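[1] Show me the folded form of this:
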Amino acid sequence: MDCIASLIDNGSVESSRYFLSRRTVLEMLADRGYDVVQHANLISSLSDFRSRFGQQPNHEDLGFCVSHLSNPSNTVQVAFAGTDAIKVGTVMEICSRIVDSGNLKSLIIIVQSKITSFAQKKLMNLPYKVEIIRIEDLLINITKHVLQPKYEILTDEEKKALLTKHSLEEKQLPCMLKTDGIARYYGLEKGQVVRITHSGPVVDSHVTYRCVA
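    Numbers count the residues shown, from 1 in each chain. Reported below is the predicted structural model:
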């Protein structure tokens, strides 16, 4: 009974959801090549998260800005939206929290409610890439599932070499939609190619490729 009791979480559901989604975002950005060590080490457990942000976290305090390891001038800002519908005023408030707008290449907004059409238009006109991710999609890291194969994003040179080696055109590669969960996780753009390596008890190693469409 003591063992089972130790697994019971007596904290708020809200803090747990924010902790899990924030952790997945940090893992996602690490997989994209961003320097997240400082933020990841600062809050490595749910208890650490609650000690810093409390049982009812203020979503405005959860955001952060990180730089790419290979290009420090390439920064991404993560912002958490509250439970209210996202309007133009919400977008303006989120933009006011951006740390380094000069080098900002991407803004990731974690949402919990619908976005109005006017807010969507405002986001489309911002001078950097905007990614909208629902908090429900971040409660688990889909790439860590035991059945998921290994994904590797090819560089432009590697993509060119692949097409040349097999005498293929880009359109002849099997496609992966830009809306696919994996494509969204890695922030892939149209035309990028992913190497997918399947391994397991039945197949030792099987490699396939997908081009984002």
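
[2] Give me the distance between stretch 147-156 and the centre of its chain.
    15 Å (C-alpha atoms, centre = their mean, to the nearest Å).

[3] ditto for stretch 98-116
    12 Å.

[4] gap between the two ends of it?
    Distance across stretch 98-116, first residue to last, is 21 Å (C-alpha to C-alpha, to the nearest Å).

[5] what's the answer for stretch 123-141, then?
    26 Å.

[6] which of the residues in that stretch are buried?
    Across stretch 123-141, burial judged by 16 or more other C-beta atoms under 10 Å covers 123, 130, 133, 135, 138, 141. Yep, even glycine has a C-beta here, placed from its N, CA and C like the rest.

[7] Using JSON lines, please lay out those residues together with distance to His39 and secondary structure.
    Output for those, formatted as JSON lines (distance: C-beta to C-beta, whole Å; DSSP: H, G, I helix; E, B strand; the rest coil):
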{"residue": "Leu123", "distance to His39": "24", "secondary structure": "helix"}
{"residue": "Val130", "distance to His39": "21", "secondary structure": "strand"}
{"residue": "Ile133", "distance to His39": "17", "secondary structure": "strand"}
{"residue": "Ile135", "distance to His39": "18", "secondary structure": "helix"}
{"residue": "Leu138", "distance to His39": "15", "secondary structure": "helix"}
{"residue": "Asn141", "distance to His39": "16", "secondary structure": "coil"}
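
[8] quick one: which of those is nearest Lys87?
    Of all the buried residues of stretch 123-141, Lys87 sits closest to Leu123, with 11.4 Å by C-beta to C-beta.
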